[in-house]
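**Student:** what's the 3D shape of this:
(4 chains)
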Protein chains: 2
Amino acid sequence: MSATTVGDLYGMPGHLIRRAQQIAVAIFLKACATVDLTPVQYAALVAIRSTPALDATRLSALVAFDRSTLGNVLDRLEGKGLIARGPSPDDRRIKRIALTPAGAQLLDRAEPLVAEAQARILEPFSDGEAALFMRLMTRFVDSHNAASRAPLRRAGGTD
Amino acid sequence: MSATTVGDLYGMPGHLIRRAQQIAVAIFLKACATVDLTPVQYAALVAIRSTPALDATRLSALVAFDRSTLGNVLDRLEGKGLIARGPSPDDRRIKRIALTPAGAQLLDRAEPLVAEAQARILEPFSDGEAALFMRLMTRFVDSHNAASRAPLRRAGGTD
DNA sequence: ATCATATTGACAGTATACTGATAGACAGCA
DNA sequence: TGCTGTCTATCAGTATACTGTCAATATGAT
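**Tutor:** Numbers count the residues shown, from 1 in each chain, chains lettered A, B, ... in the order given. Presented below is the predicted three-dimensional model:
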């Protein structure tokens, strides 16, 4: 039989990945408390800044968000005055998304904080281990890219 | 200067970990569709089975859930008839949690499915890489254990 | 015994994420 | 032109998480 025990749980990749995500988010939020940004909001702002005339569907593919979730994220960013949404001249289905000046300014302030958070996330590792960790994780998400509902699709030209 | 671009995002540990979690959950849910269990629900059931006279607070520490979230998880498990909650004879604040026969049976059915999901999660890796991945992840969550709101605390005796 | 403190379970509020459905708009084809 | 299929944004429903708060209950110190 060999029924699973709590101890077995700790050795399951799914459990470790869930814990890692809990931890990474907590570190990010703590580091970015002064700019009041979540990891997802930060990623959205970065993608919006570096991609002109972006629409929600393309944004969701760029940063691997679920489309259904993205609408709420954008609502919050718009509510905070960090982005603006307007109609597209070409296609009336599309809403174009752009940073406001306030959004661009906040993003500038956020960047060093995010860099610090990322460094803190890798703190348990030596330089070599960190590189190895990143290589393994990159291969993991690349190999499994199609497995989640929100697969990442890199932009055509802009980045 | 050197403003972050979308491409930089892909190389951030936080982003990779978020993607990995998306992927691992998707694989789990697909594998366990026939038993209708989420990763968190499965972990709760395993912990409940292997720990007699468990209460919610101790359970949350065992599997590193947030206590506020755990109440809802237990509500759902109770609604599905998989667990039962009753008062403790010693302490009227505490509700004891136990598996129902239906819960035990479902857990038995779930276990091979979960094992398959865990194997599929590690599929991108060779055996050696998978072991390395697990070692790095284990050290990661152990080192950062205190960083999240729901740090894991292993049980005293039972496991 | 009483009072200060801690613990337990619960709740409201916010944010992320997925499923599935829908309405509006576009594009290619008969 | 009208039909069909596709794409866009959005919504309802469910599940996971975190913050902060609260009342009821225990516990330890006095």
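
**Student:** helix or strand right after the longest helix along chain A?
**Tutor:** In chain A, assigned by DSSP state H, the helix with the most residues is helix A:101-121. Downstream of helix A:101-121, the first helix or strand assigned by DSSP states H and E is helix A:127-143.

**Student:** Next one: that next one, is it in contact with chain B?
**Tutor:** Yes: Helix A:127-143 reaches chain B (Cβ under 8 Å from any Cβ of the partner chain) through A:129, A:132-134, A:136-143. Where you see a C-beta, it was placed from the backbone N, CA and C, and this is true even at glycine.

**Student:** can you redo these as TSV with pLDDT and neighbour count?
**Tutor:** Output for the residues of helix A:127-143 next to chain B, formatted as TSV (pLDDT from 0 to 100; neighbours: other Cβ atoms under 10 Å in any protein chain shown):
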residue	pLDDT	neighbour count
A:129	96	16
A:132	96	16
A:133	97	23
A:134	97	16
A:136	97	19
A:137	97	22
A:138	96	14
A:139	95	14
A:140	96	24
A:141	95	23
A:142	94	13
A:143	93	13
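
**Student:** So stretch A:84-99, near DNA strand D or not?
**Tutor:** Yes: shown here: stretch A:84-99 in contact with DNA strand D (Cβ under 7 Å from any atom of the strand) through A:91, A:93-95.

**Student:** Give the PyMOL command for selecting the buried subset of the residues you listed.
**Tutor:** A single PyMOL command selects the buried members of the residues of stretch A:84-99 next to DNA strand D (16 or more other Cβ atoms under 10 Å in any protein chain shown):
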select buried, chain A and resi 94+95
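
**Student:** filter the residues of stretch A:84-99 next to DNA strand D by proximity to DNA strand C?
**Tutor:** Checking those against DNA strand C by Cβ under 7 Å from any atom of the strand, the ones in range are A:91, A:93.

**Student:** any low-confidence regions in chain A?
**Tutor:** Along chain A, segments meeting pLDDT under 70 span A:1, A:155-159.

**Student:** what does it have sitting close to DNA strand C?
**Tutor:** With Cβ under 7 Å from any atom of the strand as the criterion, chain A meets DNA strand C at residues A:38-41, A:65-66, A:68-69, A:72-73, A:76, A:90-93, A:148-150.

**Student:** Okay, and which of these map to helices?
**Tutor:** A:39-41, A:68-69, A:72-73, A:76.

**Student:** what about burial for those, which qualify?
**Tutor:** By 16+ other Cβ under 10 Å, these give A:39-41, A:73 as buried.

**Student:** Those residues: which two are farthest apart?
**Tutor:** With distances taken as Cβ to Cβ, the most widely separated pair in those is A:39 and A:73, at 10.8 Å.

**Student:** how about the ones in helices among the residues of chain A next to DNA strand C, which pair is most distant?
**Tutor:** Every pair of these checked by Cβ to Cβ; the farthest is A:39 and A:68, at 18.0 Å.
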